[in-house]
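I'd like to go over a predicted model; first the sequence, then the structure.
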Amino acid sequence: MEYLVTMTTHVPDGTPEQAVQDVRTREARHSAELAAQGHLLRLWRPPLQPGEWRSLGLFAAAGDQRLEDVLASMPLRVWRTDEVTPLAPHPNDPDPNDPAPAAGTAPAGAGANGKGSEFLVTVTVAVPPGTAAQTVADTDASEAQQAHDLAAQGHLIRLWTLPGAGRALGLWRARDAGQLHEVLSSLPVAPWSAVDITPLSPHPSDPAILRPPAVA
């Protein structure tokens, strides 16, 4: 099972800087170990206020208790609070076994390798009352095809179902926020959707940076 974890750290006042650096060094080393074990899949920094220390992590674990064991093993947990969101499979999630986009077809943006930006996008779909069932079915089919096409273009990286009716979380890639809005507006369910976008910055311990995927 996969989880999105918002990790917020509050270092106690008066903590020596050397102690903070020691914990951060151990955290980075342990993050690499968790990535090697398949528990830590991705790690990002969301927009931060001055002095704020927060990260977003994509984790995998065999259930809630195993995830808690993983999070509790991280050195920064002594100063950190974690907010966990369980992620369920989505039928339009791109197949990780599909080949990577051919040269020239991917967008000018690949957040994991420093060439562009990644975004987490929460979409809540509310079908207007009275919409015909066939219209909903046709829109869902068009949405699945468009998701497949956008994945092939390198825009849609992952897609999960969130708790709550009609909610989904996507990891998207685009040149910038403007291009992302254009991409999201092209989705067939866009007229029925409320969208919340979180721009992501690279994290030095992100497994995708430490071990980028091999290029065929």
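Okay, I see it. Every value quoted in this text rests on a predicted model; they were computed, and no experiment measured them. Residues are numbered from 1 along each chain as shown.

any idea what sits nearest residue 201, other than its immediate chain neighbours?
residue 45 (4.3 Å; Cβ to Cβ, 6 or more residues apart in numbering). Glycine gets a C-beta too; all of them are placed from N, C-alpha and C.

what about the one you found, how many neighbours?
Taking other Cβ atoms under 10 Å as the criterion, the count of residues near residue 45 is 17.

if I read this right, residue 142 contacts residue 149, doesn't it?
No - contact criterion Cβ atoms under 8 Å: residue 142 and residue 149 do not qualify, at 10.5 Å.

Is residue 63 in contact with residue 69, as I believe?
No - assessed by Cβ under 8 Å, residue 63 is found out of contact with residue 69, at 9.8 Å.

from memory residue 159 sits against residue 89, does it?
No - counting by Cβ under 8 Å, residue 89 is not a contact partner of residue 159; they are 9.0 Å apart.

Give the residue from those two that has the larger number of neighbours.
Neighbours were counted for residue 159 and for residue 89 using other Cβ under 10 Å; residue 159 has more, 22 against 11.

got the contact list for the helix or strand containing the more buried one?
Using DSSP states H and E, residue 159 sits within strand 156-161. Defining contact as Cβ atoms under 8 Å, 6 or more residues apart in numbering, one finds that strand 156-161 is touched by 2, 87-90, 92-94, 118, 147, 150-151, 167-173.

now stretch 182-191
With Cβ under 8 Å, 6+ apart as the criterion, stretch 182-191 contacts 121, 123, 125, 139-140, 142-143, 146-147, 150, 155, 172, 174, 193, 195.

Distance from the strand holding residue 159 to the middle of the chain?
8 Å (Cα atoms, centre = their mean, to the nearest Å).

the inter-axis angle of the next helix or strand after that strand versus strand 156-161?
Heading C-terminal from strand 156-161, the first helix or strand you meet, by DSSP H and E, is strand 167-174. Per axes from the mean of the first three to the mean of the last three Cα atoms, to 10 degrees, the angle that strand 167-174 makes with strand 156-161 is 170 degrees.

ok, strand 167-174: who's next to it in the sheet?
Sheet pairing of strand 167-174 (DSSP bridges) gives strand 117-125 (antiparallel), strand 156-161 (antiparallel).

can you put those strands in a markdown table and add distance to residue 133 and mean pLDDT?
A markdown table is the format used below for the strands paired with strand 167-174 (distance: least, Cβ to Cβ, whole Å; pLDDT from 0 to 100):
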| stretch | distance to residue 133 | mean pLDDT |
| --- | --- | --- |
| strand 117-125 | 15 | 97 |
| strand 156-161 | 21 | 97 |
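
who's in contact with residue 81?
7-8, 10.

Can you list phi and psi of it for me?
For residue 81, the backbone dihedrals (degrees, to the nearest 10) come out as phi -110, psi 140.

Could you list everything it pairs with in the sheet?
When bridges are called by DSSP bridges, residue 81 pairs up with residue 8.

What pLDDT does the model give it?
At residue 81, the model reports a pLDDT of 96.
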